[in-house]
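S.K.: kindly return the folded structure for what I paste below:
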Amino acid sequence: MKKSILAVVMLLALAVSSVCMAAGDGNDLNRQQRVVDKFVAALEAPAGSGFAQVQGDLAPGLQSKLTAEGFAELQKQLREKFGKQKEVKFAAYERFDQADRLLYLMGYSRQQVVRAAYVFDKNGKLAEFVFVPVEVKEEEK
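M.R.: This is a model prediction of the structure:
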């Protein structure tokens with residue numbers, strides 16, 4: 001009886017400690033996902049709008065490279081190349097010493113799968129992003 005009680009207490013202590021250790025990572029992930037959600041919504045906004053929503057979430061290096069005109073051009077290029085956005089699915093979260101990377105799989109009307117990577121600096125600001133089309137090949141029978 002004593003051994004089973006001790007085992008239960010030990011399991012509870014391990015479970016609580018693992019939850020506490022992951023709490024910081026979870027908070028960072030949640031904050032970064034909210035930024036990505038705003039960024040994706042801004043990309044789908046009417047041309048020439050949406051940039052003001054995300055400007056405050058950009059890292060200084062990206063702010064200097066991405067202007068309102070550049071953002072409007074990005075919107076235009078994504079619509080021309082991939083079409084209308086259909087879905088956005090979170091795929092992976094990677095932690096590094098100097099940055100974090102979130103990977104998403106996105107579906108568009110003209111491109112079935114696009115891998116989107118968003119890199120955040122240690123201050124939680126969006127530092128880089130990239131959209132890479134993924135070619136899905138049919139299996140040969």
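S.K.: and the residue nearest the centre of the chain, what does it touch?
M.R.: Centroid check for the chain by C-alpha atoms, centre = their mean gives Leu102 as the closest residue, at 4.0 Å. Each residue near Leu102 by C-beta atoms under 8 Å, 6 or more residues apart in numbering is listed here: Leu29, Gln32, Gln33, Val36, Phe90, Ala92, Tyr93, Glu94, Ala117, Tyr118, Phe120. The C-beta positions use only the backbone N, C-alpha and C, and glycine is treated the same way.
S.K.: mind telling me what element it is part of?
M.R.: Leu102 is part of strand 99-108, with elements assigned from DSSP states H and E.
S.K.: quick check: next helix or strand after that strand?
M.R.: Toward the C-terminal end, the helix or strand that comes next after strand 99-108 (DSSP H and E) is strand 113-121.
S.K.: which strands and helices sit next to that next one?
M.R.: In terms of contacts (3 or more C-beta pairs under 8 Å, 6 or more residues apart in numbering; DSSP states H and E), strand 113-121 is packed against helix 2-44, strand 99-108, strand 126-134.
S.K.: can you list the low-confidence ranges for the protein?
M.R.: Within the chain, the set of residues satisfying pLDDT under 70 comprises 2-24, 48, 141.
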